[in-house]
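Asks: test case, fold it:
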Amino acid sequence: MNENNIPNEGLLKRIAELEMQLKSKDKELRNIRNIFLSKIGHEFRTPMNSIIGFSNILAKNNLTADQKELYLEYINSSSDDLLNLVENMIDLSMLESGQMQLNMAACSVNALFNELYANFNREKHILEKHSVALLMSKSVEENDLVVETDTLRLKQVLSILIDNGLKFTDKGVVEFGYKLNGQNQLYFFVQDSGKGVSEDMQNVIFNSFQKENNDSENQKSGVGIGLAIAKEVVKLMGGDIGFKPNPTRGSLFYFTLPMRRVKVKSESFFLKDNKNNYLFSKGNIAI
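Replies: As a prediction, the model looks like this:
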């Protein structure tokens, strides 16, 4: 054999290293897939079992009006959980593939916060968190802060953080709010007095499929992608997200976004939801 045709020893070594890296990556991907399949299967079965079970109960004729209303509430809640799970999986896939696009428009920050407060007060009731106080902090007067942002994505990030705060707090306070951070930035936060985040989770809490193991049944729910979605959405919107353990108990999640204020004029007008109900009759219109 010609000496010039003998492969370089350094090249052979590098090829062997790359093969080992590929095997390691392949094993890691298989592990992630297995974790995903086991968690997603459980998360789909839980709301589906609830929907099927309470639907069967509603088919009976000996129920009172109050019982029917309660069971319908459980079915609606489980349906929302199932829809949110599907939407989160789609969002994570779009974020990781770079296909998610922002829809920038005028957003009344205080109106958004009022909506979140109403939604999570209902969620608090459904979760039976009677010993948890939900607080809201707004640093600007009502209807006096309209910014250009993707309202749906801003609401999504805040909802993920507030939902986590409620799930991990059995007694105490969950507070969410915002404040101006200089002239060109908004600072949003959600803090709670729950069990907090363990030290071994603090460096990976924004990674996909990472979640705390807890004894409470409510705290077991979730596949561990909410914070990963929040991180990627905030990044897409040009902001930063972070986490701090509270000195005594609980957690503080925060994120910043660039702020571009929109001029508005006050007018009377009506908005309707998908059931043709009037939502409110006075507000701000961007000009």
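
Asks: any idea how far residue 65 is from the nearest residue to residue 150 once chain neighbours are set aside?
Replies: Nearest residue to residue 150 in three dimensions, chain neighbours excluded: residue 102, at 4.4 Å (C-beta to C-beta, 6 or more residues apart in numbering). C-betas here are computed from N, CA, C, even on glycine. As judged by C-beta to C-beta, to the nearest Å, residue 102 and residue 65 stand 45 Å apart.

Asks: more neighbours: the two, which one.
Replies: For residue 102 versus residue 65, the count of surrounding residues by other C-beta atoms under 10 Å is larger for residue 102: 13 against 7.

Asks: and the more buried one, what does it touch?
Replies: Counting by C-beta atoms under 8 Å, 6 or more residues apart in numbering, residue 102 makes contact with 150, 153, 236-237.

Asks: mark which of the residues you listed are buried, thanks.
Replies: Buried by 16 or more other C-beta atoms under 10 Å: 150, 153, 237, out of the contacts of residue 102.

Asks: phi first, then psi, for the closest residue to the last one other than its chain neighbours.
Replies: Spatial nearest neighbour of residue 237, excluding adjacent residues (C-beta to C-beta, 6+ apart): residue 257 at 5.6 Å. Comment: the main-chain dihedrals of residue 257 come out as phi -140, psi 150, following degrees, to the nearest 10.

Asks: so residue 257 touches residue 234, yeah?
Replies: Yes. Between residue 257 and residue 234 there is a contact under C-beta atoms under 8 Å: 7.1 Å.

Asks: just to revisit the earlier point, nearest to residue 262 among the buried ones among the contacts of residue 102?
Replies: Residue 262 has its nearest neighbour among those in residue 150, at 13.4 Å by C-beta to C-beta.

Asks: any idea how far the closest one lies from residue 238?
Replies: 11 Å.

Asks: count of neighbours near residue 136?
Replies: With other C-beta under 10 Å as criterion, residue 136 counts 17.

Asks: ok so it is a helix residue?
Replies: No. Under the criterion used here (DSSP: H, G, I helix; E, B strand; the rest coil), residue 136 is strand, not part of a helix.

Asks: and the residue nearest to it when sequence neighbours are not counted, how far from residue 174?
Replies: Leaving out its chain neighbours, the residue that sits closest to residue 136 by C-beta to C-beta, 6+ apart is residue 117, at 4.9 Å. Per C-beta to C-beta, residue 117 is found 11 Å from residue 174.

Asks: any residues in contact with both of these two?
Replies: With C-beta under 8 Å, 6+ apart, residue 117 and residue 174 have common neighbours residue 134.

Asks: of the two, who's got more company?
Replies: residue 174 (27 against 15).

Asks: just confirm the more buried one is within a strand.
Replies: Yes. Applying three-state DSSP, one finds residue 174 inside a strand.

Asks: identify the bridge partners of it.
Replies: Using DSSP bridges, the bridge partners assigned to residue 174 are residue 134, residue 192.

Asks: so who does it touch?
Replies: Taking C-beta under 8 Å, 6+ apart, one finds 132-135, 162, 165-166, 190-194 in contact with residue 174.

Asks: I'd like the residues you listed laid out as JSON lines, including neighbour count.
Replies: Below are those laid out as JSON lines (neighbours: other C-beta atoms under 10 Å):
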{"residue": "132", "neighbour count": "19"}
{"residue": "133", "neighbour count": "13"}
{"residue": "134", "neighbour count": "19"}
{"residue": "135", "neighbour count": "11"}
{"residue": "162", "neighbour count": "24"}
{"residue": "165", "neighbour count": "25"}
{"residue": "166", "neighbour count": "21"}
{"residue": "190", "neighbour count": "23"}
{"residue": "191", "neighbour count": "21"}
{"residue": "192", "neighbour count": "26"}
{"residue": "193", "neighbour count": "21"}
{"residue": "194", "neighbour count": "24"}
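
Asks: looking at those, which is nearest residue 178?
Replies: Using C-beta to C-beta, the contacts of residue 174 come closest to residue 178 at residue 190, 10.2 Å.

Asks: isn't that closest one up against residue 160?
Replies: No. Judged on C-beta under 8 Å, residue 190 makes no contact with residue 160 at a distance of 9.1 Å.
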